[in-house]
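> Just a sequence and a predicted model for now, questions to come.
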Amino acid sequence: MTETKTQNGGAAKSAPDAGDIAVVAENFSIYYDYGKFHAVKGVSMGLRRGKVTAIIGPSGCGKSTFLRCINRMNDLVDGCTTSGLLALDGVDIYHPRLDVVELRRRIGMVFQRPNPFPKSIYDNVAYGPRLAGGVGRAELDEIVETSLRRAALWDEVKDRLSNNALGMSGGQQQRLCIARALAMRPEVLLMDEPCSALDPKSTSRIEDLIDELSGEYTIAIVTHNMQQAARVSDYTAFFYEGHLVEFGQTKQMFTNPQMKQTNDYITGRFG
Amino acid sequence: MKTSTRKILDKSFSALALSSMAIMCAAAVAFLAPIIINGSGAVWFKATVEHFKFLREVLDRGSARELAAMTEKSDAAREKLYSLMRAYESPADFKKISGAIASARRAAFAEAAKKSAEFVKILDENKGAASAPVIKKFGAGIFADYSGLVSGAAKRSSSPAMAEFLAGEKEALQDGARAVLEDFAKIRKLSVLEKGRVRRELPAAALENLGAASEKVSEDNAAYAAFKEGVWELLGPMTQADKEAAKMMRRKFGQTRMDVARKVLGESVLRIRVNSTDSSGRQTSESVLVAERFKGTPLAEMAKCAEENFTAMMQPRNTFYWGFLFDSPYDSNIFGGIFPMILGTFYLTVGAMIFAAPLGIVAAIYFSEYAKNGRVVNFLRMCVGTLAGVPSIVFGLFGLAFLINTVKVSESKSVLAGSITLALLILPTIIRSCEEALKTVPNSYREAALGLGAGKWRAICTVILPAALPGMLTGIIISMGRAAGETAPIIFTAATSTGAAIALADVFTEATPALPWNIYNICSEHEMADKIEHVQYGMVLTLIAIVLLLNSVAIVLRDRLQKKLRG
Amino acid sequence: MNATTADTGGARAKGALIMDRHSCAAKMLLGRLGRGFLLCVTAVPTAAVVFILFFIFKESLPFFENLGNVREFFTSTNWAPSREGDPHFGSLAILYGTLMVTVGSCAVAVPLGITAAICLSEIVNARISRIFRPIVELFAAIPSVAYGFFAMAVFAPLLQNHGGIMISALILAAGLPIAGVSSIPLAEFASSKIFKKPSPAAVVALRIFAGAALCSAVAYAAWRVSGVEISSGTNAFNASVILAIMALPTIVSISQDALSAVGRDMREGSLALGATRFETIFKVILPCAKSGIAVAVILGFMRVIGETMVVWMASGNSLKIPEPFYNFFEPVRTLTATIAGEMGEADQTTGSARYHVLFAMSLCLLVSGMALNWLSQRIISRGAFARKKGGK
């Protein structure tokens, strides 16, 4: 929090500098079905502060699972357990006395399908701040406007803030979801295939948005789309069958992958 | 099988299936049509002047001036019938007739006294038992005129006064016979046997004639009494005094509805029930047409008058009687409306909701949001299913045995006990429909709310419940309809057949009338069930309308809220 | 811009991620309490079931203590529970009446309901069935006392005055089409048995013969029935028909659910192999949906057994077993009607012998209701609707 500037990272698998890296995973594993199924196997990596990290890999490789574990959405799944270390700003996310609600306020999440609440646009954005409480009407208005502007949605919706959010187009809905997450002023923003349900035009708007937000927020984005990963991210992690195969700077990874599997996946041999 | 055969089979099966739908539709129409047609007749019907009199005098409603005009017209018509009846009851020439008869009797006895010598001679000529027919013949001779007069009078008038007069004549004849003995004794001393014989046989012929006449008169008079009773039922009491003396309201007013009035006219005025003795000597009563049985008598004339002036006497007028829904019943539902039953149903339904809705919603939230698949939860779920399978009458018995006899929520039946029983009955339905509604809320809403830092309970309250609300409301309203229509659970716990509405403050202690129970009651146990068919149909239609209205509201509500939620 | 965000973020005083022990314990406790409360509320139906079982059992126990009573209950028809000094509890006629009305109504409702469900889900187009579905459900909502009233005030007089003619017309209307249709496969079957290679003329002749034979059988039955005089309009037939109408919506809507849960692929697969719609329905769809249909029938059955008002008002309340035993035009009496009718007069507080025997009757009802419910749950959990759930 003290330092928002980051250096250009090298190979990130090495032990990170605490001020440099927002979220750290060390030998982190995830199991489903009370340990019967090992979904993510001993992952060690870090999300650099103010940078965009893309997580790629074929379906079922555990990338979404890993992402959801970062703000403990896996708590919703019966029989899901973890081992190893996952820490936000040096605080263990799986600490027994962790305040999950506070954690999720700091780590926002955007889901695969746009999922605005069946409320007005304003209420959607104001949902998080209202939960926290202690926010006056004027301040709330300001937060809503700032968040919507940040999500590049303000100009489109400023005249119809009281309309039902479900009446918007898919792309607008997804940007609203991003604005809703931003209204919480999180440190980290997790995006689980945010464009998979959108048309190309909306996708490019969201990508622009991610670009704008980088530097200010630590962003992790799961995507199927390798071009998208290449376009928007600074770092890329490649997951395969629960293992983190390779993690490094995007440019380097896409031009000169270290591992054969990475190369095969990037060049479209499988996946 | 050949293709053509298969095709024919296919076609004919389709036809069969379609006809099964047709049968269902026909059954639906056959069920609803009579109820709707007859039931709406409780509110919209041809009312008679008596209906307006009832409204004016009992409920203080309606225009007095209009009523006065109607009454005047109807009274004019009624007067024709009433004057006939009055003339029948006390004929103008009754005094003349009775005087003539009395004097004929006196004359006959005077003649007997005059002929005492001749008579004693007859006695001497015929000793012993042989004298009886001779005495009788002698009596017949002297009472010939008298008998003629009596028969004539019986044919002319059969008023109650005449019946009474003829009964008196019997005594007079016997007295007269006793008096004439003294005249005979002046000639020679009569033995005791002779005295008795004379006393019996001298007026015997006249007495026989008188008996026949008096029987005819009293038979006619009974017929007239039946007719008069019918007229009373149709038109109400004849005089103000009668009206004031009448205790029950049904005796204070005539028929208020034209359809029932027509029925009463046909069954109790134009036809009357008369008693007759059949061949084996048993008393039976049969319904006879006045115009045929009493042809040529004043009674037939009255019946004709009643038939001709029927419409004028009743002054029918098409009317909307909204009071059917908002008035209390009078004189066990013969007059007035069904408001206490509607109110009772409302109390019971709302009471059941107060208990069942919160419980059901909370249980549904637990099942859908908190419960994990485990033994305990499976058992709880199974119990919900089991509760749904308990027959409704068993709920009633349970309410009686547990709520009233054991826990004693109230001394005896009460709205409270009934509401709790009904609440248990609809609880499984509410839980299931609310759980269904909660399940239709997409998981993404839950994730989004949690992802934004809402606690579980906050997420449920702020996002999931509002999204599930339409579905839950639909389920709850449909359950309300079920609670409103259930009869068996309230028989032993809440329902009473008295017609008085109870105040809101009494719901914890008092039993209440309620539509479903009272429908049963006035169909099966009401003493005049066939005269208040319109009330029965009206109640059934009201109940069906309430239930269907609730269901339709639920459907419309669901559609509208869903549209709103979809944006 | 970067810095301002960080500043405001800091100003909004984000709480510590790790709670101290105290507040953590408090939060846990609160959560536990909340869940405990929810669990308690959720256990209300369970408590109700337990209490119902307990109280019904407790109140009927005095009756079961005397074994002679129990034997009489099931074997005798002498029902005089309140006679001074010498009460009799023979309920055979009542049990038989219940059975009769239940079987009768299912005989009407099950074929009609399943056929109508097939029609709604397979034959008419979706638009019509979308209109019909809510109407069918509305009919399920109509209170039973209304049906009972109809049975008593409309149907009973009709039956009493024109019963024979009505029923024979019904037999003709239902029987002739069925006879006509069933003569076709019958003739086909017969011809394949009789001739090795049936000529078309022979098949047609057989078909005409079979049709004529079946139709005349139906006509004969109708003629026999038309002479029947019905002494009382409130009888087992009346109650059965009205109960069938009541059970129809349940059977139709649940069967329709089961039928539409059968996947489109099944239908298309069968039709693509050249089966007619009739064959598809009978050979593919019905076998797939059979457990769902069984549940529908059981639920309809449950509704009929537990129904009070209709049988009370329409069955005639006679304590005799009809003569002969299959005569549906005689009045009968059922368990529910007996309870409803006699409990009002039974001495409620002190617990007379009659009071207890009525509770014993309700125990019979309760047990059979629970057994049927358990059966339907078993069928459901064995996967009747698994496909539907999976499909969604």
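Right, received. Where do you want to start? Numbers count the residues shown, from 1 in each chain, chains lettered A, B, ... in the order given.
> Quick one: name the residues of the stretch 201-350 of chain B near chain C.
For the stretch 201-350 of chain B, no residues are found near chain C under the criterion C-beta under 8 Å from any C-beta of the partner chain. In short, each C-beta sits where N, CA and C put it, glycine included.
> Just give the nearest non-adjacent residue to the closest residue to chain B within the stretch 51-200 of chain C, would you?
Residue nearest to chain B within the stretch 51-200 of chain C: C:Pro143 (2.6 Å; C-beta to the nearest C-beta). Leaving aside its sequence neighbours, C:Pro143 sits nearest to B:Gly485 (C-beta to C-beta, 6 or more residues apart in numbering or on different chains; 2.6 Å).
> tell me the phi and psi of that neighbour?
Phi and psi for B:Gly485, reported as degrees, to the nearest 10, are phi -100, psi -10.
> quick revisit: just confirm the residue of the stretch 51-200 of chain C closest to chain B contacts B:Ala484, I think it does.
Yes: counting by C-beta atoms under 8 Å, C:Pro143 touches B:Ala484, with 7.4 Å between them.
> where does the chain dip in pLDDT?
All of this refers to chain A. Counting by pLDDT under 70, chain A has low-confidence residues at A:1-19, A:271.
> looking at chain B here, not the other one
Of all residues in chain B, those with pLDDT under 70 make up the ranges B:1, B:128-130, B:564-567.
> and the gap between the closest residue to A:Asp78 other than its chain neighbours and A:Met109?
Nearest residue to A:Asp78, sequence neighbours excluded (C-beta to C-beta, 6+ apart): B:Lys372, at 5.8 Å. Separation of B:Lys372 from A:Met109 (C-beta to C-beta, to the nearest Å): 24 Å.
> any idea how far the residue lying closest to B:Lys439 once chain neighbours are set aside lies from B:Gly360?
Closest residue to B:Lys439 apart from its sequence neighbours, by C-beta to C-beta, 6+ apart: B:Ser368 at 5.8 Å. Distance, B:Ser368 to B:Gly360, using C-beta to C-beta: 12 Å.
> go on, C:Leu30?
Counting by C-beta to C-beta, the gap from C:Leu30 to B:Gly360 is 24 Å.
> Looking at those two, which one has more neighbours?
Each of C:Leu30 and B:Gly360 has its neighbours counted (other C-beta atoms under 10 Å in any protein chain shown); B:Gly360 has more, 30 against 11.
> residues shared between the contacts of C:Pro143 and B:Ala484?
Contact criterion C-beta atoms under 8 Å, 6 or more residues apart in numbering or on different chains; residues shared by C:Pro143 and B:Ala484: B:Pro516, B:Leu543, B:Val547.
> Run a quick neighbour tally on the last one.
Using other C-beta under 10 Å, the number of residues around B:Val547 comes to 23.
> mind listing what it touches?
Applying C-beta under 8 Å, 6+ apart to B:Val547 gives the contacts B:Gly481, B:Arg482, B:Ala484, B:Gly485, C:Ala141, C:Ile142, C:Pro143.
> try 7 Å
Going by C-beta atoms under 7 Å, 6 or more residues apart in numbering or on different chains, B:Val547 touches B:Gly481, B:Ala484, B:Gly485, C:Ala141, C:Ile142, C:Pro143.
> cool, and the second one?
Taking C-beta under 7 Å, 6+ apart as the criterion, B:Leu543 is in contact with B:Gly485, B:Leu515, B:Pro516, B:Ile519, C:Pro143, C:Ala146.
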